[in-house]
Each structure stands twice: as C-alpha cells, then as structure tokens.
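> Fold the following.
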Amino acid sequence: MAARAPRSASAQARRAGFCLAIACAGAASCAKSSSIGDLDPLDLAPSEVPFDKNLIVDTASFTDSEGVASVADIQGFLEKTPYGHPSFLASYVSGGLRASQSIALAARRYGLNPLVFLVRAEMDAGLVSAAGYPASPAKVEYVFGCGCPGGGAACEPAQGGFGKQVDCLGSALRASLQLVCGTSAQTAGGWAVGQDALSLDGVHVSPASEATAALYQYAPVVAQGAPGGNWLFFNVWQLYGAQLSYFGSATSPWVGDSCCGDGMCAGVASGTCAVNAPGGLCTATCSAQRPCPTDPEGGGRRAVCGNLGGEGFCLRGCNPGACRSGYKCVQIAPVGGGAAALACLPQ
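Reported below is the predicted structural model:
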C-alpha cells in the first residue's frame, strides 16, 4: 500500500451522519527489550516465510480477535507449545484468572488477535517457552513494563499481575491503531501507512499496514535476526501461527466488527468503516426498504437497522454483556418501527 486512498464524498457523509465521537489517545513506545537468555532457540530460527520489514502482519489478522477462537484454544496452546513442553502460564493464575482467560478478555476488549499477547509475552520475557515460574517475579508480574517508570523507580503495585499487564498492552496497541486508522492517519510517534520512517536501529521502514505502524510505534526497532525488534515479532508469530494452524484472517470484518478503513468492511454489502467509533466500526446505511445484510458465514450473527439521528445504520445485534470494548448492549428503536431490539452502541 503506497498511499492512503482518498475517501469518497458518500463515505464521508456516512461517517458524518453516524455522529460518533471518541477521544484518541496516543501510546508512547514502551516495549521491553528481551535478551537471548530469555528466549528459546526456536524463537530465533528464521522462519520459512520471507521477512518483510514493511509488513510485520496484516491488519485483518492483527485485529482478528476470534482467530484463536476461545479460551480453550489459548489454554490448549499453552499446554502444548512448539517447545515440546507446557508453558508454566498454563497453570498460572493472576487476579483469579488463568493466563489464557486474561489473554482472551484483552483480545475481545481491544479487538486484537490473542496471538499478539502470546507473541509479546515470549518476546519480552520468554514466558511461553518457560516451563517454570521465572526466578525474577517481575518478568511475569510486570512483563510489559506497564507501571514501571524506569530510572530506578519502583513499579506501581496497582499495575502488577499478568492480567493487568496484558490489559495495558492491549490498550497501548489499540490506541495506536485508532490513531493510524483515524483522521490523523499516523501514530503518536509519526508511524503511518506508506510513509517512510527511520527505526531506532537505523533502518528505513514504510509500513504497509496499520498493524505494522502500530507495532513500530510500540517497538520502533527492526533488529533482524536478533531479540527485541519487529523481526522477532514476525518470527514468533509465524511459529505460533503454525502451531495453532492459524495462517491469517480468513474472513472480512462484518457489521459491528473493528476496522481501519472501508476496505476492511468488504464483507458487508455497501459497508463503510466508522473510523471515529471505538476501534472502528463496520456498518452500512439501511432503511425499511433496504434492510441490513445477513451473516455471509451463516454463523448466526445478527445485524439491526438502528435509528440514529433519523437515519438508519446497521449495528451488531447482541445479548447483554456480549459487546466488545467501548460498546454497550442497549435497546434501540429499529428503523421502520416494530419492537425495540438490542444492539451494540458506543459507550
């Protein structure tokens, strides 16, 4: 992707009509640097998939929160890792939740693939390949450095625990995605799709996806063949994807799913991405004469034509408590009248 395509007037009008506003906060680069001692040799063995510094992962796969579909899938991976033994994370509990549950919750809350959290946990402290709890508790309880200001200052107890660290990582990556997918079109550090930038290790990079820009915002280093950079993220992503038989998002986002531009909503007839909604929102205009589309996968996902400001927009139907982060399952008035329906609306 060389440049961001201009938005059509009709798409701009649909976004304006949607009348959703959010505050986008930037996320500073805060990734910890792993060391060779924390990693398994498999992590550093070059993947058979060619490395492209400009495309660490495509955005659809990065935001595929249902790609590794359940807590059971994540738990199964931790019990049967590529390293030939279970990870200690399979039995680790923090805040009353297993590691697999914490990862699944953050993946859903921030619209990210659970693989993102597994890969970073290995990158930053070798937690997935570790058979036992590390000798240094900080490698687990502050694995992503959240709440640890550095410079010798003590870490904040309130941020301690694997679950809180996972949530913090998800929040930082989602904030960067919202910036690069929104009107600013770049992260707080200036990483943008199709725009050349220099990494901290002196490599010119032109991100080919929003996800890649967000990853360089979090860790602005390539470090090919070494720990600590986006080469390692790519390498471990390939390793874990193969173990889970996950080779990228197989479907386009549907009504109510996260998005970074209209192109990601191709699975919705006449779909558009409301980029000013939390995490982006695939939707389409609708009316009594033009109902919302049905689920192309036949999976039972429902779309409701909601009356928002006098205009109809397709929203994800829901059950209470079943909406992603930033949304709430509420009753709305369907276009054309009829009984009230439950749909996910931005909070």
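> ok, Leu39 - contacts?
Leu39 makes contacts with 122-123, 126, 129, 227, as judged by CB atoms under 8 Å, 6 or more residues apart in numbering. Where C-beta positions appear, they are placed from N, C-alpha and C, glycine not excepted.
> try Leu55
In this structure, Leu55 makes contact with 207-209, 212, judged by CB under 8 Å, 6+ apart.
> ok, 10 Å please
Residues near Leu55 by CB atoms under 10 Å, 6 or more residues apart in numbering: 1, 206-209, 211-212, 234.
> what's the spacing between it and Val49?
Summarising the geometry, the distance separating Leu55 from Val49, computed by CB to CB, to the nearest Å, is 11 Å.
> which neighbours do these two share?
Going by CB under 10 Å, 6+ apart, residues that sit against Leu55 and also against Val49 are Phe234.
> coming back round to it: which of the contacts of Leu55 count as buried?
Buried residues within the contacts of Leu55, counting neighbours by 16 or more other CB atoms under 10 Å: 206-209, 211-212, 234.
> Among the residues you listed, which lie within helices?
Secondary-structure check on those using DSSP state H: residues within helices are 211-212, 234.
> Please identify which of the residues you listed is nearest to Leu118.
Nearest to Leu118, judged by CB to CB, of those is Phe234 at 14.0 Å.
> Which residue is the nearest non-sequential neighbour of the closest one?
Leaving out its chain neighbours, the residue that sits closest to Phe234 by CB to CB, 6 or more residues apart in numbering is Ile56, at 5.0 Å.
> Assign the one you found to helix, strand or coil.
Using DSSP: H, G, I helix; E, B strand; the rest coil, the three-state assignment for Ile56 comes out as coil.
> my read: it touches Asn230, true?
Yes: counting by CB atoms under 10 Å, a contact exists between Ile56 and Asn230, whose distance comes to 4.9 Å.
> now the helices for the stretch 101-250 of the chain?
Here the stretch 101-250 of the chain has its helices, by DSSP state H, counting those that start in this stretch, at 114-125, 138-141, 162-181, 210-218, 230-243.
> Take those and lay them out in TSV including distance to Val304.
As requested, those are exported to TSV (distance: least, CB to CB, whole Å):
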stretch	distance to Val304
helix 114-125	28
helix 138-141	42
helix 162-181	24
helix 210-218	28
helix 230-243	34
